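*Asks:* Here is the input, now give the coordinates:
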Amino acid sequence: MSTAPAPATAPAPAPATAPAAPGSDLLTPAPSDLQGDPGDPSHPLDNPAWAALTGPHAHFAERVGRAARYPADVAPFHAVSDPRDPRAWADLARLVGPGGIASVRGVTGGPAGWETVRTGYGVQLVDTALRAEDDPEAVRLGPDDVPEILDLVARTEPGPYLPRTVELGTYLGIRRHGRLIALAGERLRPAGWTEISAVCTDPAHRGQGLATRLVRAVAAGVRARGEQPFLHAAADNTDAIRLYESIGFTLRRRTVFTRVRRTAAAEPAGTSAPSERPRAIRAAAQEETA
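*Replies:* Sure thing, here's the model as predicted:
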């Protein structure tokens, strides 16, 4: 059994708002993202997708300067180095292209040239007292199991799961009579942390503690690497939040996730050099000129 890390200290009172970056009056800060934890810009969990895509998941990153994203068949997440920096939004505009959609954490809207498609509020919880342990019934899932995983995800809707999401980390499942009935695994990996995600159980098998067992088993693997588990949940999913808190997770902060669409057709000013085009775009260009 793994030893749980020491409980996190209580968050300090939020400091006065720092001076805005030039041009940040174009952005709409997310008030919920400023509640709870004061928000240390250097903390990887305050911008976890960016920390992952510029850290342990850099090999997945399609990047233009201050903006990055996962491949479309891996995860639907985009990130900017600082959502208050207009230069980051200019790079994001070039990354997604005219009419492109991006999912960005920490704001409820973008600068001129972007329209909000959807906004969702969530919570971020960290492991402070979780009992992590292997589970004898849990099996490691891989690419050959993706059809089964996608079927279970479609029936339970734990959140986005795509054909190559399984490549992000370890995914564990429980089968009964040869059928996959429960799932949990690893998604974002900021340095020193791993997000536990895709936690779900077939409706016919709920109430048996299968999800908790898999969360503990995934956490055991995370701890074995010297990293600390964390997770996200929808703010209105109170049942899930209560469950996670009951097994040893603690609320770290409230946040917001917003889908925005680029509406401006013109190439934005201040973008990065052509050599920083995302890998997918660069590969397409090479094929066209070959």
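*Asks:* So residue 136 versus residue 178, what's the distance?
*Replies:* Distance of residue 136 to residue 178, given as CB to CB, to the nearest Å: 17 Å. Every residue, glycine included, has its C-beta placed from N, CA and C.
*Asks:* Residue 237 now?
*Replies:* 30 Å.
*Asks:* For these two, indicate the residue with more neighbours.
*Replies:* Taking other CB atoms under 10 Å, residue 237 and residue 178 do not tie; residue 237 has more neighbours (13 against 6).
*Asks:* got a pLDDT number for that one?
*Replies:* Note on residue 237: pLDDT of 95.
*Asks:* now swap in residue 106 and tell me
*Replies:* 89.
*Asks:* What's the local residue count around it?
*Replies:* 23.
*Asks:* Kindly report the same for residue 53.
*Replies:* Residue 53: 27 neighbours (other CB under 10 Å).
*Asks:* now swap in residue 144 and tell me
*Replies:* 8.
*Asks:* what's the answer for residue 205, then?
*Replies:* Around residue 205 there are 14 residues (other CB under 10 Å).
*Asks:* Same question for residue 59.
*Replies:* With neighbours defined by other CB under 10 Å, the count for residue 59 comes to 7.
*Asks:* Ok, the one 10 residues further on next?
*Replies:* Counted with other CB under 10 Å, residues neighbouring residue 69 total 27.
*Asks:* Can you tell me who it pairs with across the strands?
*Replies:* residue 62, residue 78 (DSSP bridges).
*Asks:* can you pull the contacts of it?
*Replies:* Residue 69 makes contacts with 53, 61, 62, 63, 77, 78, 79, 95, 96, 102, 278, as judged by CB atoms under 8 Å, 6 or more residues apart in numbering.
*Asks:* Out of those residues, which is nearest to residue 184?
*Replies:* Nearest to residue 184 among the contacts of residue 69: residue 77, at 18.6 Å, using CB to CB.
*Asks:* quick one, phi psi at that closest one?
*Replies:* When read as degrees, to the nearest 10, the backbone of residue 77 gives phi -100, psi 140.
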